[in-house]
Structure formats: C-alpha cells, structure tokens
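Novice: Sequence and computational prediction follow.
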Amino acid sequence: MARGDAEFVAFVEAFSGRLLHAAYLLTGDRHQAEDDVQTALVRTYASWSGIQRKDPFAYTRKVLANHVIDRWRRPIRENTGELPERAAGDDFVDGVATHEWLMRALAGLSARERAIVVLRHYWDLSEVDVAAELKVSVGTVKSTNSRALAKIRVAVEPETSTAGPRS
Amino acid sequence: MTDLEALRSALTAVPAGQFGKVDVDRIMELGARKRAHRRMGVVGGALTAVVALTGTVFGVAQLREGPPPSLAVASPETVSTTPASPPGIVVTTGASDSGGEIVLVLQQGTLSPGTAYGLTLGHRDASGRVTEEMATGLREASQGFHALTAGRPGRDLPLYGYYAGPARRITAQVHDLTVTAQTAVLPGLDVTVFWFPTRHTDLFGDAPWVPLYAYDANGYRIGS
C-alpha cells in the first residue's frame, strides 16, 4: 500500500467514529449517516494528495456538512411543528429520553439550522469557522443559530451566544 | 427551557447501537475512480432502459453498440394488461403517477436448475386491480442482483430489481453519491425487492454507470 493510502486508512480509522456521529446528528438516520460519511470520505480520498498535509478532518467535515445541506435542499421539507417543552425535572438523567428529545428537536430544524447547531455545539467551532465551512456570513451563522436554539427551546446566556470554541 | 450545556451534552452523548463498519477499501476505490474522472473529464451518457445481471448498471452510452449477451433490455412497450391482478406478491412502492399507484409484482417459478423469480412493474388502480406493464421474465435466483430494470424515462421508477440472498439494504453509487434504495423483504422468501424512488430519476439519468451494493442485517456488504 502506498504511503498516502496508509495515511488515509489511518485517518479513516481515527475519525470515522466522530464523522458518523456527526452525520447521524445531521440526518437523524443511521443508514443515511453511513452513506453520507462514505460520500464525504470518497471526496476526501479523491483530493487526498492536496489536503493530507493540511487539515483533512476539517476538509471532510466541511464536505459532509455541505453535502447534507445540498441533498436536503432539493425536497421541500415541512416543519414538524412546535416542539413541546421538555417536562419539568427532566434534566437529561434519562439517556433514552434525552436522545429522543434531541432527535425530535433536530428534526424540527431546517438543514442549515441543523448543520449550524451541529458544527457550533457538537464540533465546538467558532461562528467564524462555521461561516467559513458553510460559506455564509458570520451574521447568518449568529441569526440562524439563535433561531435554531429558540426553536428547540434552548436558553442561551448572552456571553455564550457569540463565544468561540470552548477550551 | 434547556440550557446550552445540556444541549451540548446531549449532542456529544454516543448514540445507542453501532454504525456499520466504514468500508475503506471501497472508499478508496471510488475515490480513485473519481480522481481519474476528474483528470479525464469523462462525461457520462444518459441512463435509460437497462437490465444487468451483475451489480453494475451501465448507461445507454455504453450500450449503443448493442447489449452484451448477459444483458436484456426491458421493453418500454406495454407487455400485457390483465383484467385481474396478476399472480405473485405485490409490493407497494409508495410512488404513484397518472396511471395510479406504482407496484412491483414478484412472480415465482422454476428454471433449470431451480427456483427463479420474475419482476413486473405495474400500476394499481383505485379499485385495487393491478395491471402489468413491464415484465422481466424469470431470472434464476442464485445469490445476487437480478431483474435490474430502469423504468421508462420520465415515468415509473428510475431503477428496480431484486436481490436473492439475505440483503437488508441496497445502495447505488451514482457519481460520487451513495443512494439508498427502498426495500421490501418478502416473508418466507430469501428475496429483497428494491427500487429507487422517483425523486432520484434525474440523478440516475445522468449516470454513465451505477454500481449496486447489498448489505446484510449487520451492515456487512454481501454483494456488488
């Protein structure tokens, strides 16, 4: 196996878990997530010689997020309706309930809202980085993030709404 | 309301269950092919009506010199219509057009040396009557893809067929996209009927070739 190929295999082994997790958050469907990660990795491998010395994970993450948005842009998706308030006292102790709440909450978002929530709060990217990855303005990231969090009824403290990555 | 840290905690919680193993060999194969296509500037032809016995469907551009013996082209003409529903297992696809609900009918028969299945595309009208329109004829049910058929351009389903064997998921590689088929696992038969939804018609129409893959219930690839 060529050296570049061996490095690509190591890259896949190291990062496929996180990519699959993120793809699942982006799509809400396990099989679709697997397909989307494969698609992103195919594109990464096709460009491997040009990106392996830069940041291949960032490249793959960007391809994945934009691929999901592009695919979901075609059909018109109807909003699933108002998300019910989580029951008082439901403080994420129950993992199953939490997961169900999360997936229902994400399902109520548009593809772009969902991608921004995942990039911003799962991958901890700054608003500037999210804007660069999705090729939108920082203002769009801020407003979309705020709108998405409002939809899923997440309270945002003022200082965290514009914060960069957590250390 | 939920606080932001709780949301982040929920996002990072590992989902229950396992994802299928990433097929890195396949990824590298497809990536290399994509890279070669970029270099060569390959332009694909349109996919119209093709039937293949392997797991790859080639576009019409590759067939203009005439189909090889292992390929059979489904006739776009109406094969037959019947006043009553044809015998066989009717699979509802969820797609419909002006002719009614599009269904696939799996017929069972025998061919030397054993069991064979045929797949027929048809429509079911409001009264529940199924009318046959395109039939593949019986195909030997050895493990693998069979009766692969592209529907009539602009109508029907872009691609359908059946897989003999324990397939639970069928995917197609169209350009650099992986598309998952809709499937029906037929009870009592080791057969999975699959079809790609009509929203993918344009996508398939531009593809010069469409490799297909079958995965079992554990996510392992069992056929291509």
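Specialist: Arrived safely, thanks for sending.
Novice: Chain neighbours aside, what residue packs nearest to residue B:108?
Specialist: residue B:117 (5.7 Å; CB to CB, 6 or more residues apart in numbering or on different chains). For every residue, glycine as well, the C-beta is placed using N, CA and C.
Novice: Show the pLDDT at the one you found.
Specialist: On the pLDDT scale, residue B:117 is placed at 87.
Novice: tell me which element the residue in chain A that chain B sits nearest to is part of?
Specialist: Chain A approaches chain B most closely through residue A:45 (2.9 Å), counting by CB to the nearest CB. Following DSSP states H and E, one finds residue A:45 within helix A:30-46.
Novice: quick one: average pLDDT of that helix?
Specialist: Mean predicted confidence for helix A:30-46 is 91.
Novice: Next one: residue B:183 from chain A, what distance?
Specialist: 11 Å (CB to the nearest CB, to the nearest Å).
Novice: Can you give me the neighbour number for that residue?
Specialist: When counting by other CB atoms under 10 Å in any protein chain shown, one arrives at 18 neighbours for residue B:183.
Novice: which residues does it bridge with?
Specialist: Residue B:183 has the following beta-bridge partners by DSSP bridges: residue B:194.
Novice: Then residue B:134?
Specialist: In beta-bridge terms (that is, DSSP bridges), residue B:134 pairs with residue B:121.
Novice: What residues does chain B have near chain A?
Specialist: B:1-4, B:6-17, B:19-20, B:22-24, B:26-28, B:30-32, B:34-35, B:38, B:169, B:171, B:176-180, B:199, B:219 (CB under 8 Å from any CB of the partner chain).
Novice: just to revisit the earlier point, the residue of chain A closest to chain B: neighbour count?
Specialist: Residues contacting residue A:45 under the criterion other CB under 10 Å number 28.
Novice: What distance do you get for it to residue A:67?
Specialist: Using CB to CB, to the nearest Å, we find residue A:45 at a distance of 15 Å from residue A:67.
Novice: And for residue B:182?
Specialist: 21 Å.
Novice: Could you do residue A:2 as well?
Specialist: Computed as CB to CB, the residue A:2 to residue A:67 distance reads 26 Å.
Novice: Run a quick neighbour tally on residue 17.
Specialist: Picking chain A for this. Neighbours of residue A:17 (other CB under 10 Å): 14.
Novice: Chain B is the one I meant
Specialist: 7.
Novice: ok, now which ones touch the closest residue to it other than its chain neighbours?
Specialist: Excluding the flanking residues, the one nearest residue B:17 by CB to CB, 6+ apart is residue A:30, at 7.1 Å. Residues in contact with residue A:30 (CB atoms under 8 Å, 6 or more residues apart in numbering or on different chains) are A:24, B:15, B:17, B:19.
Novice: Could you identify the most distant pair in the residues you listed?
Specialist: A:24 and B:17 (9.9 Å; CB to CB).
Novice: before we move on, back to that, ok, residue B:182 and residue A:67, which is more surrounded?
Specialist: Taking residue B:182 and residue A:67 together and counting by other CB under 10 Å, residue A:67 has the greater number of neighbours (20 against 16).
Novice: Quickly find the element holding residue B:119.
Specialist: Short version, using DSSP H and E: residue B:119 is in strand B:114-124.
Novice: Buried residues in that strand, which are they?
Specialist: Across strand B:114-124, burial judged by 16 or more other CB atoms under 10 Å in any protein chain shown covers B:115-124.
Novice: Ok, stretch B:144-151 next?
Specialist: Buried residues in stretch B:144-151 (16+ other CB under 10 Å): B:144-151.
Novice: swap in stretch B:213-224?
Specialist: Along stretch B:213-224, these residues count as buried under the neighbour rule (16+ other CB under 10 Å): B:213-215, B:219, B:221-224.
Novice: Can you tell me what sits against it?
Specialist: Residues outside stretch B:213-224 that contact it (CB under 8 Å, 6+ apart): A:34, B:19-21, B:23, B:26, B:55-56, B:143-145, B:163, B:165-173, B:192, B:211-212.
Novice: and these, which are buried?
Specialist: Applying 16+ other CB under 10 Å to the contacts of stretch B:213-224 flags A:34, B:19-20, B:23, B:26, B:55, B:144-145, B:163, B:165-173, B:192, B:211-212 as buried.
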